[in-house]
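Q: Curious how this folds, go ahead:
(3 chains)
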Amino acid sequence: MDNISSEERLYTALASVPIGTIIAYGELASAAGLPGRARWVGRILSQLPSDTQLPWHRVTNAQRRISFPLGSDRFFEQSARLQREGLQISSTGKVSLPN
DNA sequence: GGCATGACGCTAA
DNA sequence: TTTAGCGCCATGC
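A: Okay, here's the model as predicted:
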């Protein structure tokens, strides 16, 4: 399965995302060499172990919104991490730069 | 093989 | 800004 090499590219691209920056699923997919496979990226991230070192919290959808239901544990965790990196989260879950 | 589901994306209204 | 519809692909039943 050549998907494995693509996964490695995905992990590399994700690890290369600077602090205080967010990237969309589609962008990550393109960076991994699989343009248009945003759902594939989401599926991979959903299977990441809890002890991962990857900045999965810097990944949002194309609308710069956290792709978790408001009020869910995952939503709070991601928003907390992003805020810790200097980003601002609106009440609707949209991520914006403080700049 | 068919159908439903999901950490998605885009366009239209 | 939100909702709805359609397209897309991987998985599981």
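
Q: How far off centre is stretch A:53-71?
A: Chain-centre distance of stretch A:53-71: 5 Å, with CA atoms, centre = their mean, to the nearest Å.

Q: ah, wrong one, I meant stretch A:38-53
A: Stretch A:38-53 has its C-alpha centroid displaced from the chain centroid by 9 Å (CA atoms, centre = their mean).

Q: start to end distance for it?
A: One end of stretch A:38-53 to the other measures 21 Å (CA to CA, to the nearest Å).

Q: Can you list the buried residues in that stretch?
A: Judged by neighbour count (16 or more other CB atoms under 10 Å), stretch A:38-53 contains these buried residues: A:38, A:40-42, A:44-45. The C-beta positions use only the backbone N, C-alpha and C, and glycine is treated the same way.

Q: Let me know the closest of these to DNA strand C.
A: A:Trp40 (5.1 Å; CB to the nearest atom of the strand).

Q: Was I right to think the closest one contacts A:Ala29?
A: Yes. At 6.3 Å, A:Trp40 and A:Ala29 qualify as touching, with contact defined as CB atoms under 8 Å.

Q: Pick out the residue in chain A sitting closest to DNA strand C.
A: Using CB to the nearest atom of the strand, the closest approach of chain A to DNA strand C is made by A:Thr92 at 4.0 Å.

Q: now that residue, nearest residue through space, not along the chain?
A: A:Arg65 (7.1 Å; CB to CB, 6 or more residues apart in numbering).

Q: now do A:Ile66
A: That would be A:Gly93: by CB to CB, 6+ apart, it lies 4.4 Å from A:Ile66.

Q: Now do the phi/psi pair for the one you found.
A: phi 90, psi 10 (degrees, to the nearest 10).

Q: check contacts around it.
A: Counting by CB atoms under 8 Å, 6 or more residues apart in numbering, A:Gly93 touches A:65-66, A:68, A:70, A:75, A:79.

Q: do the same with A:Ser6
A: Per CB under 8 Å, 6+ apart, neighbours of A:Ser6: A:32-34.
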